[in-house]
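Trainee: no sequence on this one, just coordinates:
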C-alpha cells in the first residue's frame, strides 16, 4: 500500500491510524496512543519519528508543541483517496432509509425534503440536496383549458411529475374544441422529448398543422418556458443544528459565521456545482471548498438519478474530522433509494 505522495507501507498505515483515531476522539494523536491501542509492530520512538516525517511532508500538523498531531488537508485527502476502507450500509440503516422515504407523499418536493431530513438525522451533520436540474426533465403532456372567452390556462407536466400552470389571453375568442385538438397534437408529437430540446419551431409546426394562431403558439411556448424553470438551482437543507454537537464548533462565533454562509442556497450549490454531472461520489476537504470560513469543513457528495441519468446531488457537510467511509455509505444508500422512489412520483 503506497499513498499518493509515495508513502511506504508503514507511513501509510500510521497516517491511516492517526486519521481513524482523530475522527473517533477529536483529540490530537500521540505516538504513545498509537502504540498502546494499535498493533503497529514497532516502538513508540519509531512511530514518533515516522509521525515527524509525515508532518514534514505535509500530511500531519501539530496544533501545539506539547500535543500530538492531527491530519492536514493533504493527510485527509490521501486517507480518502488511497487508504480508507469502504463501508457497506448496514441492514438497519437500509431499512430505515427505505421505510422513511416510502412514507413520503408521491410529490417530488416532499420526497426530496424527506430524503434531506433523513440524511441530516442519520449523519448527524448538515445534509443538503439539489433538486432535479430543470433540463433533466422530459415533456410528458400539456393540457390547454378554456377559462373564459379569451382566457385559458396551459398545464405542462414533466417526467418527474412537476406541473407548471400558465395563464394566457388571446385577442380572439377561444374555441374549446381547438384547444383539445392542439393539446392532443402537441402530446402526440412532443411527448417524452427533453424539455430543453423543444424549441419554437417544434411548437409552431404543430400549431400551424391544426390551424391554431400565433396567440396559442405563444401561450404554449410561455408554458414550456415556465415548466423548464429558471437557471438557478434549488437546494433544500436540514440538520444545521447538528453542527452544534461537533467539538470543532463550540466556538459560537465560528459557528455563526459558517451558518451565515450556508444559509444562502447559492453558496450550498456552489460547493457541489462542479460535481453536478459526475457519475461517482466525490469528497471536498477544507480549503478545497473555496471559502476561508469553511476551512474546517468537508463535504461528501453523491449523485442521484432518474432512470440512467444523474439529475441532482445529495450532500453531507460537516467537520473535516468526519467519518468519511460511513457518510459515503449513508449518502450512497440514500441516493439509491431516492432514485428508486423518483420512479413513483405522482403525475397530475
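Mentor: Perfect, thanks for sending it. Note that the coordinates shown come from a computational prediction; the quantities given were computed from them, not determined experimentally.

Trainee: alpha carbons only for contacts and neighbour counts from here, please
Mentor: Fine.

Trainee: can you pull out the helices in this protein?
Mentor: Here the chain has its helices, by DSSP state H, at 9-25, 31-37, 44-56, 73-78, 91-102, 108-123, 176-190, 200-210, 214-228, 252-262, 265-272, 324-342.

Trainee: Residue 159: which of these is closest?
Mentor: Of all those, helix 324-342 sits nearest to residue 159, with 9.9 Å by C-alpha to C-alpha.

Trainee: Could I get the buried residue list for stretch 248-261?
Mentor: Neighbour counts using 16 or more other C-alpha atoms under 10 Å place 248, 249, 255, 258, 259 of stretch 248-261 among the buried residues.

Trainee: between these, which is closest to residue 212?
Mentor: residue 259 (53.0 Å).

Trainee: still on that earlier bit, out of the helices of the chain, which gets nearest to residue 147?
Mentor: Closest among those, using C-alpha to C-alpha: helix 176-190, at 9.6 Å.

Trainee: Tell me what angle that closest one forms with helix 214-228.
Mentor: Here helix 176-190 points in a direction 50 degrees away from that of helix 214-228 (axes from the mean of the first three to the mean of the last three C-alpha atoms, to 10 degrees).

Trainee: Can you give me the domain boundaries for the protein?
Mentor: 9-83, 91-133+233-342, 135-228 (automatic domain parsing).

Trainee: Name the nearest residue to residue 144, ignoring sequence neighbours.
Mentor: Nearest non-adjacent residue to residue 144, counting by C-alpha to C-alpha, 6 or more residues apart in numbering: residue 154, 4.6 Å away.

Trainee: low pLDDT regions in the stretch 201-348 of the chain?
Mentor: Applying pLDDT under 70 to the stretch 201-348 of the chain flags the ranges 229-233, 277, 344-348.

Trainee: cutoff 90 now
Mentor: 211-213, 225-236, 240-241, 243-280, 290-295, 304-312, 339-348 (pLDDT under 90).

Trainee: Do I have it right that residue 323 meets residue 21?
Mentor: No: Residue 323 sits out of contact with residue 21 when judged by C-alpha atoms under 8 Å, with a separation of 10.6 Å.

Trainee: which of those two has more neighbours?
Mentor: Shown here are residue 323 and residue 21; by other C-alpha atoms under 10 Å, residue 21 has more neighbours (21 against 16).

Trainee: what number of residues lie near residue 173?
Mentor: Neighbours of residue 173 (other C-alpha under 10 Å): 11.

Trainee: didn't it look like it was pressed against residue 147?
Mentor: No: between residue 173 and residue 147 there is no contact under C-alpha under 8 Å: 11.1 Å.

Trainee: Can you pull the residues that touch both of residue 323 and residue 21?
Mentor: Shared contacts of residue 323 and residue 21 (C-alpha atoms under 8 Å, 6 or more residues apart in numbering): none.

Trainee: Report the distance from stretch 305-317 to the chain centre.
Mentor: 6 Å (C-alpha atoms, centre = their mean, to the nearest Å).

Trainee: Residue 14 versus residue 29, what's the distance?
Mentor: Computed as C-alpha to C-alpha, to the nearest Å, the residue 29 to residue 14 distance reads 11 Å.

Trainee: So for stretch 124-141, mean pLDDT?
Mentor: Across stretch 124-141, the average pLDDT comes to 83.

Trainee: and the end-to-end length of that stretch?
Mentor: 41 Å.

Trainee: going forward can the numbers begin at 8, since that is how I track them
Mentor: Right, with 8 as the first residue, what we last looked at is stretch 131-148.

Trainee: For the nearest residue to residue 104 once chain neighbours are set aside, list the residues it contacts.
Mentor: Leaving out its chain neighbours, the residue that sits closest to residue 104 by C-alpha to C-alpha, 6+ apart is residue 341, at 6.3 Å. Each residue near residue 341 by C-alpha under 8 Å, 6+ apart is listed here: 104, 122, 126.

Trainee: ok, residue 341 to residue 147 distance?
Mentor: Taken as C-alpha to C-alpha, the span from residue 341 to residue 147 is 27 Å.

Trainee: re the thing from before, can you tell me which of the contacts of residue 341 comes closest to residue 218?
Mentor: Using C-alpha to C-alpha, the contacts of residue 341 come closest to residue 218 at residue 122, 46.6 Å.
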